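Asker: here is my input; please provide its structure:
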Amino acid sequence: MFPRGLFLSLALSLSAPALAEVEDGVTVSAHCMEPCAVVLDGQPGRPVNESLWEFQGIAPGAHRVEAVDPKGQPLASGSTEIPDVDQVNVYLIGNERIVTRNGGSSEPGTPEWERAVTRITPSTPPSTTPPPPQTPPEKSTVIVRCQDNCAVVLDGRRGIRRDGLTWEFRNVVPGRHRVEGTGELLLRRLFLVYLDVPSGMELTYQSESKNLLQLTKQQLLSSVEAARAKAGLTEASRLHVRCPKSCTVRLDGARKGEEGGSGVVIQDVPFGQHTLEATFSLSDRKRRMVLDVPPRSEVFITASADQGIVVTNTRPIGAE
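Answerer: Now for the predicted structure:
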């Protein structure tokens with residue numbers, strides 16, 4: 001136990017006003033990590049043991065707490081907020097940590113520091129390091145297939161028309177989305193549904209009946225890309241061929257899309273030279289072009305009997 005002269009000299013050396021006490025106020029127990037003397041607002045309390053001091057009848061609010069070691073060297077000092085409760089523990093954990101927790105006093109005469117520390121969760125001081133940027137959720141791809149020729153929009157946005165029945169929507173943000181399909185015959189509505197799209201997936205839906213889309217295939221986008229890489233299609237491109245009048249499209253001699261249609265989207269075209277041919281139903285005229293396809297690109301092409309085959313735009317895959 002400390003000599004009482006130490007606590008008396010400590011109290012006399014502080015010029016702060018007298019400690020405010022209120023009837024039936026808060027009982028404050030101040031704990032040190034080592035032998036200490038503690039004053040609250042410049043006034044000593046009652047020593048319980050060499051590292052525990054008790055203050056009774058303390059008014060709730062902000063108070064200044066200070067502690068010194070047996071040689072009179074400062075251990076801790078700072079302000080603490082005393083809540084309006086019956087009993088409070090104040091833990092002096094060095095100059096930068098003063099932790100206040102509700103609860104009763106330790107047993108008199110028993111060193112309580114280590115047991116008291118296990119009973120509290122010290123507040124973590126604010127970090128000066130900015131938090132790492134959050135990774136945005138990975139976008140998804142939605143593919144919708146109709147039973148008949150159709151037009152499909154997702155949140156009012158048209159996607160990529162793979163063929164007369166199939167529409168593809170890339171870079172879809174995860175969440176709930178409105179999908180509407182309209183038949184090309186009489187412009188009748190085929191479906192209007194809301195889909196919950198997860199992150200990083202390729203989802204394929206089939207139109208079953210009015211207002212019903214059935215999920216028929218679901219796979220990770222990373223798996224899709226891995227399969228494309230294995231098939232040597234990492235650098236493949238996509239051709240969008242549009243015919244103002246009905247035509248049949250062939251690439252390197254193989255027919256693409258339906259016969260006598262209005263155009264086609266040709267997927268997974270290896271980069272390099274290809275022969276594109278369009279045969280027009282009403283005139284039986286053929287137009288042919290040797291096309292130099294760049295890697296990982298979308299190439300937009302218009303084919304007509306009068307103007308021939310014309311490339312109207314080229315952009316990297318994924319660009320909006």
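Asker: from here on, just use CA atoms for contacts and neighbour counts.
Answerer: OK.
Asker: in stretch 129-137, what's buried?
Answerer: Neighbour counts over stretch 129-137 (16 or more other C-alpha atoms under 10 Å) mark no residue as buried.
Asker: again, but for stretch 221-236
Answerer: 221, 233, 234, 235, 236.
Asker: which of the three states applies to the residue nearest in space to the middle of the chain?
Answerer: For the chain, the residue nearest the mean C-alpha position is residue 136 (5.0 Å; C-alpha atoms, centre = their mean). Following DSSP: H, G, I helix; E, B strand; the rest coil, the label given to residue 136 is coil.
Asker: got a pLDDT number for it?
Answerer: With respect to pLDDT, residue 136 has a value of 82.
Asker: and stretch 265-273, C-alpha only, in PDB?
Answerer: The C-alpha trace of stretch 265-273 is given here as PDB (Å, rounded to 0.1, in the frame of the first residue of the first chain):
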ATOM      1  CA  VAL A 265     -25.600 -11.700 -85.000                       C
ATOM      2  CA  ILE A 266     -22.700 -14.100 -85.700                       C
ATOM      3  CA  GLN A 267     -20.900 -15.100 -82.500                       C
ATOM      4  CA  ASP A 268     -17.300 -16.300 -81.900                       C
ATOM      5  CA  VAL A 269     -15.800 -15.300 -85.200                       C
ATOM      6  CA  PRO A 270     -12.000 -15.800 -85.200                       C
ATOM      7  CA  PHE A 271     -10.100 -12.700 -86.000                       C
ATOM      8  CA  GLY A 272      -8.600 -12.500 -89.500                       C
ATOM      9  CA  GLN A 273     -10.000 -12.600 -93.000                       C
END
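Asker: any idea how far that stretch is from the chain center?
Answerer: Distance, stretch centre to chain centre, for stretch 265-273: 35 Å (C-alpha atoms, centre = their mean, to the nearest Å).
Asker: average pLDDT for it?
Answerer: Stretch 265-273 shows a mean pLDDT of 90.
Asker: cool, and stretch 36-56?
Answerer: 87.
Asker: which members of the buried residues of stretch 221-236 are positioned in helices?
Answerer: Among those, DSSP state H puts residue 221 in helices.
Asker: adding pLDDT and distance to residue 165, write the buried residues of stretch 221-236 out as a markdown table.
Answerer: Below are those laid out as a markdown table (pLDDT from 0 to 100; distance: C-alpha to C-alpha, whole Å):
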| residue | pLDDT | distance to residue 165 |
| --- | --- | --- |
| 221 | 90 | 22 |
| 233 | 83 | 24 |
| 234 | 83 | 26 |
| 235 | 87 | 26 |
| 236 | 89 | 23 |
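Asker: what's the helix or strand residue 292 falls within packed up against?
Answerer: In this structure, residue 292 sits in strand 286-293 according to DSSP states H and E. Where contact means 3 or more C-alpha pairs under 8 Å, 6 or more residues apart in numbering; DSSP states H and E, strand 286-293 is packed against strand 272-280, strand 297-304, strand 308-316.
Asker: burial of the residue nearest to residue 180 when sequence neighbours are not counted, as a residue count?
Answerer: In this structure, residue 180 finds its nearest non-sequential neighbour in residue 192, 4.4 Å apart by C-alpha to C-alpha, 6 or more residues apart in numbering. Residue 192 has 18 neighbouring residues, counting by other C-alpha atoms under 10 Å.
Asker: residue contacts, residue 192?
Answerer: Residue 192 makes contacts with 178, 179, 180, 181, 211, 212, as judged by C-alpha atoms under 8 Å, 6 or more residues apart in numbering.
Asker: from those residues, which is closest to residue 287?
Answerer: Nearest to residue 287 out of the contacts of residue 192 is residue 181 (C-alpha to C-alpha; 33.0 Å).
Asker: so who does the closest one touch?
Answerer: Contacts of residue 181 by C-alpha under 8 Å, 6+ apart are 146, 150, 151, 152, 153, 189, 190, 191, 192.
Asker: turn those into CSV, including secondary structure, distance to residue 317 and pLDDT.
Answerer: Shown next, in CSV, are those (DSSP: H, G, I helix; E, B strand; the rest coil; distance: C-alpha to C-alpha, whole Å; pLDDT from 0 to 100):
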residue, secondary structure, distance to residue 317, pLDDT
146, coil, 24, 92
150, strand, 24, 89
151, strand, 22, 91
152, strand, 21, 94
153, strand, 20, 95
189, strand, 31, 89
190, strand, 30, 90
191, strand, 29, 91
192, strand, 29, 92
